[in-house]
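In: heads up, no residue letters with this:
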């Protein structure tokens, strides 16, 4: 994993963007933010599982699906299965040590209450 601090490659309104093996971040201080780094490491693992390019195709298609579903760009982003997994587990610094392959699939459909 390589950290690149840049406000130009990080989308407005976001702190980071991961494109294997790089983590582009808006703020240098995030390099030592364990929760932020863990969130991005989860994305690195997801990208490797799907051989990188298919990850981004799936990500875009799921974003478009969620955009139709929620009619709100931010809600669409927050409900992408990859993001749901990363946000749900970013504070668990041991998560990647016990994470099963393709765990993001369990986040594709919201759990019924």
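Out: Looks like it arrived, so ask away. All of these numbers come straight from a predicted model, not from anything done at the bench.
In: contacts and neighbour counts: CA atoms only from here.
Out: OK.
In: and the strands in the protein?
Out: Secondary structure of the chain, counting by DSSP state E: strands at 2-5, 16-19, 22-25.
In: off-centre distance for the last one?
Out: Yep, that's strand 22-25 we're talking about. On the basis of C-alpha atoms, centre = their mean, to the nearest Å, strand 22-25 sits 12 Å off its chain's mean C-alpha point.
In: what's the spacing between residue 83 and residue 77?
Out: Residue 83 is 7 Å from residue 77, where distance means C-alpha to C-alpha, to the nearest Å.
In: point out where the protein drops to low pLDDT.
Out: Applying pLDDT under 70 to the chain flags residues 110-113.
In: who touches the lengthiest helix in it?
Out: Under DSSP state H, the helix in the chain containing the largest number of residues is helix 53-70. Helix 53-70 is contacted from outside by 46-47, 73, 75-77, 79-82, using C-alpha atoms under 8 Å, 6 or more residues apart in numbering.
In: so which of those residues sit within helices?
Out: If you go by DSSP H, the contacts of helix 53-70 have 46-47, 73, 75-77, 81-82 in helices.
In: mark which of those residues are buried, thanks.
Out: For the ones in helices among the contacts of helix 53-70, a burial check counting by 16 or more other C-alpha atoms under 10 Å picks out 46-47, 76-77, 81-82.
In: quick one: which two of those are the most distant?
Out: Of all pairs drawn from those, the greatest distance, 19.4 Å, lies between 47 and 76 (C-alpha to C-alpha).
In: can you tell me which residues contact residue 35?
Out: Contact analysis of residue 35 by C-alpha under 8 Å, 6+ apart lists 90-91, 93.
In: most neighbours among those residues, which one?
Out: For those, the largest number of neighbours (other C-alpha atoms under 10 Å) sits with residue 90, at 21 neighbours.
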